[in-house]
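# All I have is the shape, not the residue letters:
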């Protein structure tokens, strides 16, 4: 018979490795230019496809959250697994048959985003409920593998499938199926145990003093309805949306940044396609490593600051807010593709830090009963800003691109930009303004209680001098 502690370790490991499946969405940048070339897509088309993945993640947030909170982890895992596997199979077949259809590509990536969220929601709550005393560290592990996924697959692509996008997509499908089948049983067992525990707690009789009607309170409706009237919720919604949008725009667009910088730096006579693809995979891998580190650091530091120093986790949000602002300045001034790695690492770190600390802040603020739904609502916040800025990046890039003859094929033309950073860097002026708004929101979140207390103190009526004299005479 497996001991309770060993079983919990298996649950944690299973949730952690399921994070590899969820993070494959961010692998898109490493093969998006090759997909666009095969299917004759523009940079704007590629940006729209990437955005559909983000929209899928965001829209599925509250839906998957409600499924997890009410139906448990198993249903959510099944939905997520089916969607991701079928989507990558569809994308591979489209690539193999060179079927140019932006809507179909967008739909497959959208379903990858939806499936990722269903699996991630199940794993997050499973870890949070299984390890309440180390909630930050426990949830950081599946989130960390979520961030490390792109590196894992990018390394495999560059070593075993250089320039072979079709076979790489095939490997992606088979590996996802293997990981899913290995990890599913442990989470299923944990789901059954948590349901039994919840059922026994619900049916356990309790004594209420001075109560003629012993009806259980409707905590679900109270917590959900109060969520949208809480100022803290809207601040977290704004912070999540702005920080995530900056990170996602960079992650989805870095492949085209590499292409622009390499194209300008190297002579046209050289076959730069392999160099571009290798550097794209390098940037994605670097972002993935930093994402992993950021999530681990975020989880550990969140537990330390609350348990050892008794400070709220939201004070840590200054780190990604200020950091993302610095990254926008760095990105605007990058002249060569050799300067990209440092900025890619920082973007990945702060993005990972953000997406690990914020779910736990939401759990601390609004409780664990509806945690998955509440976090699902907050995680919808990047939809509009991420869509806007990523699409705008593609439009700016296309507006600076020209059609030239393909050196490898005399019968076809290719759409390229040879202006280096001028192909896109005006976008970072706008994202810098976005980062400033995030910093302001973090300041308000951390000091609003202090400000409100100061206002209450200053608004209290002061006793007049004559009143004091009268009181002394009376005494």
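Nice, I can see it. Owing to the predicted nature of the structure, the values given are computational and were not obtained by experimental measurement.
# Of all the residues in the helix or strand where residue 198 lies, which ones are buried?
Using DSSP states H and E, the element containing residue 198 is helix 165-203. Residues of helix 165-203 classed as buried by neighbour count (16 or more other Cβ atoms under 10 Å): 165, 168-173, 175-176, 179-180, 183-184, 186-191, 194. From N, CA and C alone the C-beta is placed, and that goes for glycine too.
# I'd like to know the average pLDDT value across stretch 176-191.
Here stretch 176-191 scores 93 as its mean pLDDT.
# ignore the last one, stretch 107-119
Stretch 107-119 shows an average pLDDT of 95 in the prediction.
# How about stretch 10-21?
On average, stretch 10-21 scores 91.
# ok, residues contacting it?
2, 77, 80-81, 84, 116, 119-120, 123, 126-127, 130-131, 138, 141-146, 148-149, 152, 176, 179-180, 182-187, 189-190 (Cβ atoms under 8 Å, 6 or more residues apart in numbering).
# in the stretch 1-150 of the chain, which segments are predicted with low confidence?
Within the stretch 1-150 of the chain, the stretches with pLDDT under 70 are 1-2.
# Who's the closest spatial neighbour of residue 104, skipping the chain neighbours?
Nearest residue to residue 104, sequence neighbours excluded (Cβ to Cβ, 6 or more residues apart in numbering): residue 94, at 6.1 Å.
# Against residue 43, how distant is that neighbour?
Going from residue 94 to residue 43 by Cβ to Cβ, to the nearest Å gives 19 Å.
# quick one: which of these two has more around it?
For residue 94 versus residue 43, neighbours defined as other Cβ atoms under 10 Å are more numerous around residue 43 (29 against 19).
# Mind telling me which residue is nearest the centre of the protein?
Against the mean C-alpha coordinate of the chain, by Cα atoms, centre = their mean, the closest residue is residue 355 at 5.3 Å.
# my guess is it contacts residue 317, does it?
No: under the criterion of Cβ atoms under 8 Å, residue 355 makes no contact with residue 317, lying 11.9 Å away.
# Please identify which helix or strand holds the residue nearest to residue 104.
With DSSP H and E as criterion, residue 94 is part of helix 73-96.
# now for whichever strand or helix holds residue 114, which elements pack on it?
Element membership for residue 114 (DSSP H and E) is helix 102-130. Here helix 102-130 touches helix 4-22, helix 28-39, helix 43-71, helix 73-96, helix 135-160, helix 165-203, helix 340-366, helix 371-378, going by 3 or more Cβ pairs under 8 Å, 6 or more residues apart in numbering; DSSP states H and E.
# Take these and lay them out in CSV including distance to residue 280.
Converted to CSV, those look like this (distance: least, Cβ to Cβ, whole Å):
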stretch, distance to residue 280
helix 4-22, 20
helix 28-39, 6
helix 43-71, 12
helix 73-96, 17
helix 135-160, 9
helix 165-203, 12
helix 340-366, 10
helix 371-378, 31
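# mind checking which of these is nearest residue 242?
helix 340-366 (9.8 Å; Cβ to Cβ).
# Can you give me the buried ones in the closest one?
Those would be 340, 343-366, for helix 340-366 by 16+ other Cβ under 10 Å.
# what does stretch 35-43 give?
35, 36, 38, 39, 41, 42, 43.
# what about it, start to end distance?
The first and final residues of stretch 35-43 sit 11 Å from each other (Cα to Cα, to the nearest Å).
# how distant is it from the center of its chain?
Taking Cα atoms, centre = their mean, to the nearest Å, one finds stretch 35-43 lying 26 Å from the centre of the chain it belongs to.
# Give me the residues contacting it.
So stretch 35-43 is contacted by 45-46, 49, 94-95, 98-102, 105, 165, 256, 394, 397-398, 401, 414-415 (Cβ under 8 Å, 6+ apart).
# List buried members of the residues you listed by neighbour count.
For these, buried by 16+ other Cβ under 10 Å: 45-46, 49, 94-95, 102, 105, 165, 256, 394, 397-398, 401, 415.
# rewinding a little: give me the number of residues near the closest residue to the residue nearest to the centre of the chain other than its chain neighbours?
Closest residue to residue 355 apart from its sequence neighbours, by Cβ to Cβ, 6+ apart: residue 143 at 6.5 Å. Neighbour count of residue 143, defined by other Cβ under 10 Å: 31.
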